[in-house]
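> Model the structure of this input:
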Amino acid sequence: MKKDLFDEGLPRRKATLEAEYVEKNLAAADAFTRPFQEAMTAWCWGFGWGDEALDAQTRSLMNLAIIGGLGKMHEWETHCRGALNNGVSMEEIRAAIHVVGIYCGVPQALELSCRQQGS
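This next block holds a predicted model:
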């Protein structure tokens, strides 16, 4: 793995998902899970978030639509907090849920809405 992508990605990951959350996940990683944690930080946060073509709010909204459409609820909750940290408003999150409902189905949007309402 290219170490500089990890080094570039780690501050972005911490800024979006909060340093305590990221550090807890990295500290809990063992010999089996550490390579994936490092690769994810490098690939997602170093490469995927590493250019300036899109701002952090847009990337967060895209993540929410994709993760929400896939129904990955733990990641949805994590990235909702991240989106709020990146300046995304609750109204924008609601709009993303509506897009998921249109393109991925009403049952999926209903689950996302209920999840967000409870947080």
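> which residues are in contact with stretch 30-39?
1, 6, 25-26, 29 (C-beta atoms under 8 Å, 6 or more residues apart in numbering). Yep, even glycine has a C-beta here, placed from its N, CA and C like the rest.
> right, and the pair among those with maximum separation?
Using C-beta to C-beta, the pair of the contacts of stretch 30-39 lying farthest apart is Met1 and Asn25, separated by 17.0 Å.
> More neighbours: the two, which one.
The residue with more neighbours, out of Met1 and Asn25, is Asn25; 16 against 12, by other C-beta atoms under 10 Å.
> Tell me who's in contact with the more buried one.
Gln37.
> Would you map the helices across this structure?
For the chain, the helices defined by DSSP state H cover 3-17, 19-28, 34-40, 56-70, 73-85, 90-104, 106-117.
> how about low-confidence regions in this structure?
The chain contains residues with pLDDT under 70 at 1-3, 119.
> Show me the chain divided up by domain.
1-53, 54-119 (automatic domain parsing).
> Need the winner for burial among those domains.
Most buried of these, by mean neighbour count (mean count of other C-beta atoms under 10 Å): domain 54-119, with a mean of 16.
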